[in-house]
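Student: All I have is the shape, not the residue letters:
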């Protein structure tokens, strides 16, 4: 692996460091494009497309190399290196970089991370992990921890889709009604009730045994109780109290939603705490695929022209 001994843009000449005529122009073009709004990734693609060499025989421009160039104070000049960039352009580049970092940084306390515990894979039902790759234009993606299914959706689109689903329930709470089903008691519970009846009829009843059976029966009745109706009423009360949402509400989501499924067809499905589901069809801005399937690779086409 080749390693540069001096920063890009310079060369040795009779034991002295001077500016490289071609590389120094590329440095200037990098700063110019960056200040005009291009991302480091876009600049890297442009340099690779026109075959610009990072060092003799080596191209492979990437975000990391460009970041070092944008941050390198030596381009302003010192006792060793002659100036390539003026102070005004360099300072503006640092300001732009700081602003972009602030815009892209997502604090762990942000709502998207609070949502993470609820997001599951629509293929297998296992949890999904949010990942961010700043090297791509479509940075945010959710990856299933079990089957590897990957759903690419920007944070704003996901939050908006969940909000839309919640607003559906708020607008018409009948959407969350679940048909009540009569649930027969288990065979063990019926047998336990019969035993209690026989003990009560017995003349030789043991009070301690009877008390234990009654406690066991009450506990079993409670565990077999269908709470769907009470949960549904709780959900309706929460939605009615909330009113229409203008933006994502984490508190309401935690109170009413048990899971958020991301599906390969681009749809998003909210499962409420009573089991009722509300679905948002294909969301613009999603790209869904399975991680085991690799997309075809398009070879880079080198063309002549101005680099960066």
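Tutor: That came through fine. Since we're looking at a predicted model, the values are computed, not measured.
Student: got the domain boundaries for the protein?
Tutor: When the chain is parsed with automatic domain parsing, its domains come out as 10-104, 111-180+227-290, 187-223.
Student: Tabulate those domains in CSV, adding columns for mean pLDDT.
Tutor: Rendered in CSV, the data for these read as follows (pLDDT from 0 to 100):
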stretch, mean pLDDT
domain 10-104, 90
domain 111-180+227-290, 86
domain 187-223, 81
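Student: Reformat those as TSV; add mean neighbour count and distance to residue 4.
Tutor: C-beta coordinates here come from the backbone N, C-alpha and C atoms, glycine included. Putting the domains of the chain into TSV (neighbours: other C-beta atoms under 10 Å; distance: least, C-beta to C-beta, whole Å) gives the following:
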stretch	mean neighbour count	distance to residue 4
domain 10-104	15	5
domain 111-180+227-290	16	22
domain 187-223	12	70
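Student: ok, residue 192 - contacts?
Tutor: 213, 216-217, 220 (C-beta atoms under 8 Å, 6 or more residues apart in numbering).
Student: Need the distance between the two termini of stretch 12-20.
Tutor: One end of stretch 12-20 to the other measures 9 Å (C-alpha to C-alpha, to the nearest Å).
Student: Same question for stretch 246-265.
Tutor: 26 Å.
Student: What are the contacting residues of that stretch?
Tutor: Applying C-beta under 8 Å, 6+ apart, the external contacts of stretch 246-265 come out as 111, 114-115, 118-123, 125, 128, 142, 149, 151, 153, 158-160, 162-163, 166, 169, 235, 238-239, 242, 245, 268-273, 282, 288-290.
Student: any idea how far residue 150 lies from residue 178?
Tutor: The span separating residue 150 from residue 178 equals 32 Å under the rule C-beta to C-beta, to the nearest Å.
Student: for residue 185, same thing?
Tutor: Using C-beta to C-beta, residue 185 is found at 21 Å from residue 178.
Student: Repeat that for residue 186.
Tutor: Distance of residue 186 to residue 178, given as C-beta to C-beta: 21 Å.
Student: What of residue 4?
Tutor: 66 Å.
Student: before we move on, what about residue 260?
Tutor: Between residue 260 and residue 178 the computed distance is 19 Å (C-beta to C-beta).
Student: What ranges does the stretch 1-150 of the chain have for its strands?
Tutor: Assigned by DSSP state E, counting those that start in this stretch, the strands in the stretch 1-150 of the chain fall at 10-13, 16-19, 119-121, 128-132, 140-144, 149-153.
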